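Colleague: Curious how this folds, go ahead:
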Amino acid sequence: MFGFHFLENFNYPYIARTVKDFWRRWHISLSTWFRDYLYIPLGGNRKGPLCTYRNLLIVFFVTGFWHGASWNFIVWGLFYGVFLILERGAWGKLIDRLPVFVGHIYVTFIVMIGWVFFRTENLTHSLLYIRKMFVFADTRLSHLAPYLNAEMLCWFLIGLLFCTPFARVLKEQMTKKLESSVSMIVFSCSELLLMLLSISYMAASNGYNPFIYFRF
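Modeller: Purely as a prediction, here's the structure:
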């Protein structure tokens with residue numbers, strides 16, 4: 001609107017099939033800054049595998065520390081650093097040979113565990129949460145009932161679609177079939193409506209929902 005052009009900061013990170021690809025797509029401005037001002041000055045990948053691994057661990061240690069002076073964030077950063085190192089070896093070659101959908105499942109699995117460290121208050125809570133994710137002491141589905149209503153499933157489907165390039169591809173197809181100005185109006189109104197609905201839901205929620213970057 002004001003003539004400023006900014007690079008895309010997120011490029012559909014949840015369609016990545018490797019952790020390396022995920023970090024190319026996630027928080028691009030932050031990743032690029034650490035690459036240019038820390039990873040490359042440390043030597044990047046120009047001084048052999050051991051130095052590369054060291055540099056990756058340093059960068060992701062600092063990435064975690066940037067988010068907060070908490071062990072949770074440090075573990076979160078190093079967690080990704082370890083997987084980036086693994087993907088530079090035989091593990092990465094194996095993933096490349098597997099079907100694409102397996103890569104997507106692998107990245108989603110890693111990222112969901114990573115978010116536990118990122119969002120919980122301390123390491124004790126993180127480990128307890130992860131344990132609950134994988135130890136099925138109660139196999140009944142009754143505790144899922146509040147989340148299996150039509151409204152929640154509708155929002156889940158919308159979120160799932162917008163994690164992918166679905167909207168972009170749809171917009172491109174509509175632009176080909178309709179006047180560009182008409183498709184622009186349709187999509188602008190849709191995006192505005194979705195934004196207003198999201199703000200309404202946040203305002204109507206009873207829980208305290210502060211801006212997450214206030215923590216950093």
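Colleague: so which strand or helix has the closest residue to Tyr39 other than its chain neighbours?
Modeller: Of all residues not flanking Tyr39 in the chain, Val59 sits nearest, at 5.0 Å (Cβ to Cβ, 6 or more residues apart in numbering). All C-beta spots, glycine's among them, are computed from the backbone N, C-alpha and C. Taking DSSP states H and E as the criterion, Val59 maps to helix 49-67.
Colleague: now swap in Pro41 and tell me
Modeller: Assigned by DSSP H and E, Pro41 belongs to no helix or strand.
Colleague: Next one, pLDDT for it please.
Modeller: Note on Pro41: pLDDT of 96.
Colleague: what's it sitting at in phi/psi?
Modeller: For Pro41, the backbone dihedrals (degrees, to the nearest 10) come out as phi -60, psi -30.
Colleague: Could you pick out the longest helix of this protein?
Modeller: helix 180-204 (DSSP state H).
Colleague: Give the phi and psi angles for Pro165, as a check.
Modeller: Main-chain dihedrals, Pro165, degrees, to the nearest 10: phi -70, psi 20.
Colleague: So what's the residue count around it?
Modeller: 14 (other Cβ atoms under 10 Å).
Colleague: mind giving me the domain ranges of the protein?
Modeller: Taking automatic domain parsing as the reference, the chain has its domains at 1-137, 141-216.
Colleague: Deepest-packed of those, please.
Modeller: Mean neighbour counts were taken over these using mean count of other Cβ atoms under 10 Å, and the top value, a mean of 15, falls to domain 1-137.
Colleague: which residues does Lys47 contact?
Modeller: Contact analysis of Lys47 by Cβ atoms under 8 Å, 6 or more residues apart in numbering lists nothing.
Colleague: Now do the SS call for the residue lying closest to Cys51 once chain neighbours are set aside.
Modeller: Leaving aside its sequence neighbours, Cys51 sits nearest to Gly43 (Cβ to Cβ, 6+ apart; 5.4 Å). Following DSSP: H, G, I helix; E, B strand; the rest coil, we place Gly43 in the coil state.
Colleague: For Thr32, see how far away Gly43 is.
Modeller: Taking Cβ to Cβ, to the nearest Å as the measure, Gly43 falls 18 Å from Thr32.
Colleague: Equivalent analysis for Glu121, please.
Modeller: Using Cβ to Cβ, Glu121 is found at 30 Å from Thr32.
Colleague: Now do the worst-scoring helix or strand of the chain on mean pLDDT: everything it contacts.
Modeller: Least confident helix or strand of the chain, by mean pLDDT, DSSP states H and E, is helix 166-177 with a mean of 79. By Cβ under 8 Å, 6+ apart, the list of residues contacting helix 166-177 from outside reads Leu161, Ser183, Val186, Phe187.
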